[in-house]
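Student: Quick one, what's the 3D model for this:
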Amino acid sequence: MNRYHLDLYGEIKVMKLFKSIFILLFFVSSSYAEEIIKDSKIKQVTVFLKGAQINREAKFTVKPGVHEIIISGVSQFVDPRSIQVRGTNEIIILDSKFSNYYPSPEEQEISKLPKEIRLRIDGVKDSIKKTQYSIADINSELEVLNASKSIILNNGAMRGQGKVNDSIQLLKEAVEYYLERVSKLNKEINIKNRKKSEIQELQNELQARLNKYLNYSNNKGFQDKNNVPDYRITVTISTDKAITGYLDLNYIVSNAGWTAQYDLRSSAESSKINLNYKAQVYQNTGIDWENIKLSVSTNDPYKNKTKPELSPWLLGAQPFNYRQKQSSQIQDSEKRLEYNSAMESQQPQMNDVVAEERNFDYATSVQHTQVVQHMISAEFKINLPYTIKSNGEKHMVLVKNEDVDANYVYYTVPKIESAAYLVARITNLEELQLIPANATIFFDGSYMGETYINPGVMDDTLSLSLGKDPNIIVKRTFMKKKYKEKIIGNDVEKTSTYQIEILNNKSKDIQLIVQDQIPISRKEGIEVVAEEISKGELNETTGIIEWKLDVKSKDKQLLDLKYTVKHNKSEPLVVR
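Tutor: As a prediction, the model looks like this:
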């Protein structure tokens, strides 16, 4: 092969190599994702008991190829595992991720500053130049004055040299000249120095003002832009045509949630209780929710969703306890409701009160709320725009208002208190989609106190104490004359008798539940026998006796309670 063919062969190889590199570069450049920063808007927020789901929409315009759509300005509390993305115009969604971006410091370029700031900078710079020229002029004048003063001071006549010592007249003229001329020079020098100091102070003020303008990018909006990280969701998409479309994003954020609060309103004239179901919504996600559609859900995405599994129970080995915390949670959910009695000064009298009637005509968010039932939760969609700032403050949202059936009865425990309490018993709580929360009680328009509603307790009836009724008189009396003690061998029998009186001074019949008790024994050798309970129901385990009475208006009823305790006479016991 001659040299010509070798050169031709080499040129062909080089051309093929350049062609391959060109194709490779073209492929890389055409497939590399182009970053496009896009602002987006929050459209809807579903607030859970803990956390919230954000729905965002972003508009984009891209050319054919693979692109990264960067949704900037999202909350730093995004859960990356929860990100869901949908798109329009048949795009292919390749990937989505959550990240934070720290912008690199930008050089302070005057051209990037607002026009007003640039004009101020130019004016200050001109003023600084003028002060520099003035200081230079003063320095020149001071130089001349100081030189003149130096010449005078260094003159031989002023130092007592020459013929001036031979003539009193010459000495006198020299002294007078020195005093007059040097004093004048000193005065001019002081004036110039004072003026120079004033100009220097002005120059320093102008320089400080110039530095402030030049550092404009270190404060206000520039500071926010350069120093605060930008939290982003990046969506990689692919398309074979130029399109304009929308991305729909859903993701969970923490630092948000809601708590329930109930208002229970009732009256003596109604068999219904009005329940106001309110949600106290809060969020501190770092992003304000402005004019969004709001929903509240009873779901908790952070609660364990994995069903428990039993492991083999091997005798002789340490048993495996699956989530011991669950037992304590179950115990907590079985706590009985505790009621706060109303203060005496706030208790309404159970008498008819004639009040001025007003026609109140208004609407609440309840009229704009739709309840959506899910398999394991309920969601309240509110068709009103809401704005909730990221400040942690609670916003009260009324999500449900419903009248529930109630049965009013009176309770009395005369052993503890000689009073009868009006109690409203609410049934069918499971239909209300309630969650454990505090409830404020109002009766006949008066505040009665608070209680705690816990739907987790396996009881289909909720009892609400509404306060004392002074028109029902209850009295419990120990019958001393009927008290007996009898010794049988080493044992003693003690028989106690009580009488309970009930008087209904109301103008209508009532249902009254009376509770009392007899002692119970957990110790061998101590026996307790209920002699008389006036047809009451005795719980053998607790010793509690309950009477369910229908007491007519102005009627009086008597209940007798008699029991005997037998025990060793050497063992002291309190039996009444």
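Student: number of nearby residues for W258?
Tutor: 26 (other C-beta atoms under 10 Å). Where C-beta positions appear, they are placed from N, C-alpha and C, glycine not excepted.
Student: Oh, that last question was meant for S238, not what I typed.
Tutor: Neighbouring residues of S238 were enumerated by other C-beta under 10 Å; the total is 15.
Student: Tell me the helix or strand right after the host helix or strand of A439.
Tutor: Assignment of secondary structure by DSSP states H and E places A439 within strand 437-443. Once the chain leaves strand 437-443, the next helix or strand it forms, by DSSP H and E, is strand 446-453.
Student: what comes up buried for the helix or strand following that following strand?
Tutor: Sequence-wise, the next helix or strand beyond strand 446-453 is strand 461-468, with elements assigned using DSSP H and E. Under the neighbour-count criterion of 16 or more other C-beta atoms under 10 Å, strand 461-468 has 462-468 buried.
Student: list the helices and strands strand 461-468 packs on?
Tutor: Using 3 or more C-beta pairs under 8 Å, 6 or more residues apart in numbering; DSSP states H and E as the contact criterion, the elements in contact with strand 461-468 are strand 243-266, strand 420-427, strand 437-443, strand 446-453.
Student: ok and it relative to strand 437-443, angle-wise?
Tutor: With axes from the mean of the first three to the mean of the last three C-alpha atoms, to 10 degrees defining the directions, strand 461-468 sits at 40 degrees from strand 437-443.
Student: Residue numbering should commence at 294 henceforth.
Tutor: With the count now opening at 294, the last piece we talked about shows up as strand 754-761.
Student: sorry, back to before: as JSON lines, the buried residues of strand 754-761 with distance to T532 would be great.
Tutor: Output for these, formatted as JSON lines (distance: C-beta to C-beta, whole Å):
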{"residue": "L755", "distance to T532": "58"}
{"residue": "S756", "distance to T532": "63"}
{"residue": "L757", "distance to T532": "61"}
{"residue": "S758", "distance to T532": "66"}
{"residue": "L759", "distance to T532": "66"}
{"residue": "G760", "distance to T532": "69"}
{"residue": "K761", "distance to T532": "74"}
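Student: Serialize those residues to a markdown table and add fields for pLDDT.
Tutor: A markdown table is the format used below for those (pLDDT from 0 to 100):
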| residue | pLDDT |
| --- | --- |
| L755 | 79 |
| S756 | 81 |
| L757 | 80 |
| S758 | 82 |
| L759 | 81 |
| G760 | 81 |
| K761 | 87 |
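Student: will you turn the helices and strands packed on strand 754-761 into a markdown table that also has distance to I780?
Tutor: Written out in a markdown table, the entries for the helices and strands packed on strand 754-761 read as follows (distance: least, C-beta to C-beta, whole Å):
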| stretch | distance to I780 |
| --- | --- |
| strand 536-559 | 55 |
| strand 713-720 | 40 |
| strand 730-736 | 53 |
| strand 739-746 | 50 |
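Student: could you dump these to a markdown table with distance to Y524 and mean pLDDT?
Tutor: As requested, those are arranged in a markdown table below (distance: least, C-beta to C-beta, whole Å; pLDDT from 0 to 100):
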| stretch | distance to Y524 | mean pLDDT |
| --- | --- | --- |
| strand 536-559 | 10 | 93 |
| strand 713-720 | 46 | 87 |
| strand 730-736 | 33 | 89 |
| strand 739-746 | 39 | 85 |
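Student: what angle do the strand holding A732 and strand 536-559 make?
Tutor: Our comparison of strand 730-736 with strand 536-559, counting by the same axes, to 10 degrees, yields an angle of 50 degrees.
Student: Now strand 730-736: buried residues?
Tutor: Neighbour counts over strand 730-736 (16+ other C-beta under 10 Å) mark 730, 732-736 as buried.
Student: which one of those sits closest to E825?
Tutor: The shortest gap between E825 and any of the buried residues of strand 730-736 belongs to F736, at 36.5 Å (C-beta to C-beta).
Student: what packs against the strand holding A732?
Tutor: Secondary-structure packing of strand 730-736 (3+ C-beta pairs under 8 Å, 6+ apart): strand 536-559, strand 739-746, strand 754-761.
Student: which parts of the first one are buried?
Tutor: Applying a neighbour-count criterion of 16+ other C-beta under 10 Å, the buried positions in strand 536-559 are 536, 538, 540, 542, 544-551, 553-555, 557-559.
Student: how far out from the middle of the chain is it?
Tutor: What separates the centre of strand 536-559 from the centre of its chain is 13 Å, taken as C-alpha atoms, centre = their mean, to the nearest Å.
Student: ok, now the second one?
Tutor: Strand 739-746 has its average C-alpha position 25 Å from the chain's average C-alpha position, going by C-alpha atoms, centre = their mean.
Student: Quick check: neighbours of it in the sheet, parallel or antiparallel?
Tutor: Partner strands and pairing direction for strand 739-746 (DSSP bridges) are strand 730-736 (antiparallel).
Student: contacts for the strand it pairs with?
Tutor: By C-beta atoms under 8 Å, 6 or more residues apart in numbering, the surrounding residues in contact with strand 730-736 are 552-561, 641, 715, 740-746, 757-760.
Student: Please write out the alpha-carbon positions of stretch 437-450 in CSV.
Tutor: Taking C-alpha atoms only, stretch 437-450 is exported to CSV below (Å, rounded to 0.1, in the frame of the first residue of the first chain):
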residue,chain,number,x,y,z
VAL,A,437,1.2,76.3,51.4
LEU,A,438,0.2,77.7,54.8
ASN,A,439,2.4,75.2,56.7
ALA,A,440,5.3,75.9,54.4
SER,A,441,4.9,79.7,55.0
LYS,A,442,4.8,79.1,58.7
SER,A,443,7.9,76.9,58.5
ILE,A,444,9.8,79.6,56.6
ILE,A,445,9.0,82.1,59.3
LEU,A,446,9.9,79.8,62.1
ASN,A,447,13.2,78.8,60.5
ASN,A,448,14.2,82.4,59.7
GLY,A,449,17.5,83.5,61.4
ALA,A,450,16.0,86.7,62.7
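Student: okay, V867: pLDDT?
Tutor: Looking at V867, its pLDDT reads 79.
Student: Please identify the buried residues of the helix or strand containing E583?
Tutor: Assignment of secondary structure by DSSP H and E places E583 within strand 582-590. By 16+ other C-beta under 10 Å, the buried positions in strand 582-590 come out as 582, 585-590.
Student: before we move on, the earlier item: which one of the helices and strands packed on strand 754-761 lies closest to V359?
Tutor: Taking C-beta to C-beta as the measure, these were each checked against V359, and strand 536-559 came out nearest at 13.4 Å.
Student: What angle do strand 582-590 and the helix or strand following that closest one make with each other?
Tutor: For strand 536-559, the following helix or strand on the C-terminal side (DSSP H and E) is strand 565-576. Put simply, strand 565-576 runs at 130 degrees to strand 582-590, going by the same axes, to 10 degrees.
Student: same for strand 565-576, what does it pack against?
Tutor: In this structure, strand 565-576 makes packing contacts with strand 333-340, strand 536-559, strand 582-590, strand 671-681, strand 688-705, judged by 3+ C-beta pairs under 8 Å, 6+ apart.
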